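Enquirer: pasting the structure only:
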């Protein structure tokens, strides 16, 4: 079981927090696969953007993986990691940002 | 108003603007960052003579729009509405030329299965959307785009469209659009199936919304599955363009090339309907591999020279399968020199959909449908390369016809009872405190769809599916969202989507059960032959007094019949 630390933000609340999920990461699983696993099995409310699942809708499912902005669908999951929203934009909910609202710091 | 922002939707908006009409586009995702168009990475087909004359590429001047027409009908197994095909072959070349003028880069052409000439202009969906985005921006005074808005209800008054209702996902608020016309450009419902080449959001919203207001849907049983699809668990499937893999073999557990049984001449290079059926048949008859998640046959290139495989890998990197290379690395192709890989069919395209005329009008005044959400053009099997041509041809027609409709139609007000009905429906999963989980329901639906309403079908399986569906449809009216925060609430979205998918799957299942024959992508192993004497007919589905009713209607053949000219 890998420990997946996810930055959460509930709309309307004053600030975000981290939550850690245990996910059975297997060879061939992408970061998007990890998010899908969490949403379908552990917490249905986890919010992130997904469309094509293979790098066409970029920035699409981009999230910050251990400090680096990465397309979740094309990034292999390699065990424990920290997932945060893309920096520089207003967070709508959890890992989902609004690309029309740029901000200076991640703030929340 | 246009629902869906990509190929068909944005092209419709451009044409509406050219005709002086203002439009609103609502899209569940973000403009040019969602939908099926951008996932296309393949051939865009028009007659090869026009490829020479209009695009200046090395096409084949022996070809004509009429020959292209014939090939579409032959591959569609005579089930295409020929009036739609006439418009498609006649206007396709101009529409593709426009895209090139607006900045789409093209290569080729190449020849794909089912085509007599080299008609495949090579480009990508990203190029298509780049061109359309630039063209839309020239009409920005006429087009407003609402991103992250999921439209889920059509509003009608006295049988006419008077508006639509959706959720602004970022705000978590219900939004009402008062409009006399809605053009549906929402694509297919591929996510009914667990494995799909299509993006996540293709969940039959357009088909189900149209059904709920009494629109007719046609040829719903014809769901195309794409082969040469490889699974990267648990999220994505990747398909190699068949143009790139000429010469590859498909093998069963006996090591035999089973496709030669289905098409002794073309083998694995035959049309996609046969490849999908051939693979699924091996799996069902116990000559495939499998685990608890799925089943497959093997795709092998080991018999091919290594430098040929290198060439494919290089070509792939350049234009077509670049994403494949990104995910699996060059290693994927290196491996293919020594080992075979699992391959299986994934849902790819909906040939059927909302019934339309040549101007994309449905039977509901004010409701139009363009692109994959509509049915009739592709008959029982879409020929390779028709999808992009279809969205720009039909999108253009829809935009013009809707603009004309708006000028003439009387003003229609939204009645408050209609608005309340629609609001209650869209908010229902959020208002329930107990009920069914949409995620769980979706999982069960996908399993039934794959096993009983997939590539290979028979009466027993379809009847079992209907039984399961009637229970699931009842459950879908009781879905419950646990977290009540309405902002980008994916569970809420899923609850609405699963209801739409179940409605669409029921249409597919009932139509598949009614069609006692095999034709195109619809394969009934209890009726393996085509039956031209009884089944050169469309199956039309609609809602009557809350019941799903089916009827048949003869295919309109303006130019061509089996065995000769019409």
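Expert: Happy to help now that I have it. As the structure is a prediction and not an experimental result, all values here were calculated from the model.

Enquirer: Report the contact partners of the residue nearest to residue B:172 when sequence neighbours are not counted.
Expert: The shortest distance from residue B:172 to any non-neighbouring residue, by C-beta to C-beta, 6 or more residues apart in numbering or on different chains, is to residue B:486 (3.1 Å). C-beta coordinates here come from the backbone N, C-alpha and C atoms, glycine included. Contacts for residue B:486 (C-beta atoms under 8 Å, 6 or more residues apart in numbering or on different chains) come out as B:167, B:172, B:173, B:430, B:492.

Enquirer: Number of residues surrounding the fourth one?
Expert: For residue B:430, the tally of surrounding residues (other C-beta atoms under 10 Å in any protein chain shown) stands at 20.

Enquirer: Ok, the first one next?
Expert: Neighbour count for residue B:167, taken as other C-beta under 10 Å: 26.

Enquirer: Point me to the helix or strand that includes it.
Expert: For residue B:167, the enclosing helix or strand under DSSP states H and E is strand B:160-168.

Enquirer: Would you agree the residue nearest to residue B:172 falls within a strand?
Expert: No - counting by DSSP: H, G, I helix; E, B strand; the rest coil, residue B:486 is not part of a strand but coil.

Enquirer: Skipping adjacent residues, who's closest to residue B:566 in space?
Expert: residue B:557 (4.5 Å).

Enquirer: Against residue B:67, how distant is that neighbour?
Expert: Using C-beta to C-beta, to the nearest Å, residue B:557 is found at 17 Å from residue B:67.

Enquirer: Ok, residue B:12 next?
Expert: Applying C-beta to C-beta to residue B:12 and residue B:67 gives a distance of 29 Å.

Enquirer: Equivalent analysis for residue A:101, please.
Expert: As judged by C-beta to C-beta, residue A:101 and residue B:67 stand 53 Å apart.

Enquirer: And the contacts of stretch B:198-206?
Expert: Contact with stretch B:198-206 is made by A:50-53, A:57, B:3-4, B:28-29, B:34-36, B:39, B:150-152, B:184-192, B:196, B:347-348, B:353-354, B:369, B:373, B:496-498, B:500-501, B:503-505, as judged by C-beta under 8 Å, 6+ apart.

Enquirer: tell me the mean pLDDT over that stretch?
Expert: Mean per-residue pLDDT for stretch B:198-206: 94.

Enquirer: cool, and stretch B:127-146?
Expert: On average, stretch B:127-146 scores 96.

Enquirer: How far away from the center of its chain is it?
Expert: 22 Å (C-alpha atoms, centre = their mean, to the nearest Å).

Enquirer: so what's residue B:343 bridging to?
Expert: Beta-bridge pairing for residue B:343 (DSSP bridges): residue B:297.

Enquirer: Correct me if wrong: it contacts residue B:297.
Expert: Yes - Residue B:343 is in contact with residue B:297 according to C-beta atoms under 8 Å; the separation is 6.0 Å.

Enquirer: Check which helix or strand residue B:405 maps to.
Expert: Using DSSP H and E, residue B:405 sits in helix B:386-408.

Enquirer: And residue A:90, by the same measure?
Expert: strand A:89-93.

Enquirer: one step back: give the residues shared as contacts by residue B:343 and residue B:297.
Expert: Shared contacts of residue B:343 and residue B:297 (C-beta under 8 Å, 6+ apart): B:250, B:279.

Enquirer: re earlier: helices or strands up against whichever helix or strand comes after the strand holding residue A:90?
Expert: As assigned by DSSP H and E, the chain's next helix or strand after strand A:89-93 is strand A:96-102. With contacts defined as 3 or more C-beta pairs under 8 Å, 6 or more residues apart in numbering or on different chains; DSSP states H and E, the packing partners of strand A:96-102 are strand A:89-93.

Enquirer: angle of the strand it packs on against strand A:96-102?
Expert: Angle of strand A:89-93 versus strand A:96-102, following axes from the mean of the first three to the mean of the last three C-alpha atoms, to 10 degrees, is 150 degrees.

Enquirer: and strand A:89-93, anywhere near chain B?
Expert: Yes - for strand A:89-93, a contact with chain B is found by C-beta under 8 Å from any C-beta of the partner chain, at A:92, A:93.

Enquirer: Leaving aside the residues adjacent along the chain, what's closest to residue B:333?
Expert: In this structure, residue B:333 finds its nearest non-sequential neighbour in residue B:313, 3.7 Å apart by C-beta to C-beta, 6+ apart.

Enquirer: cool, residue B:43 as well?
Expert: Residue B:43 sits nearest to residue B:120 (C-beta to C-beta, 6+ apart), 2.8 Å away.

Enquirer: Could you list everything the one you found pairs with in the sheet?
Expert: With DSSP bridges applied, residue B:120 shows beta-bridge pairing to residue B:45, residue B:110.

Enquirer: okay, now it: neighbour count?
Expert: 24.

Enquirer: So if we follow the domain assignment, how does chain B break up?
Expert: B:226-345, B:416-528 (automatic domain parsing).

Enquirer: ok, of these, where does mean pLDDT dip lowest?
Expert: When I compare these, domain B:226-345 is least confident, with a mean of 74.

Enquirer: Stretch B:410-425: which residues count as buried?
Expert: Neighbour-count burial for stretch B:410-425 flags B:412, B:414, B:418, B:419, B:422, B:425 (criterion: 16 or more other C-beta atoms under 10 Å in any protein chain shown).
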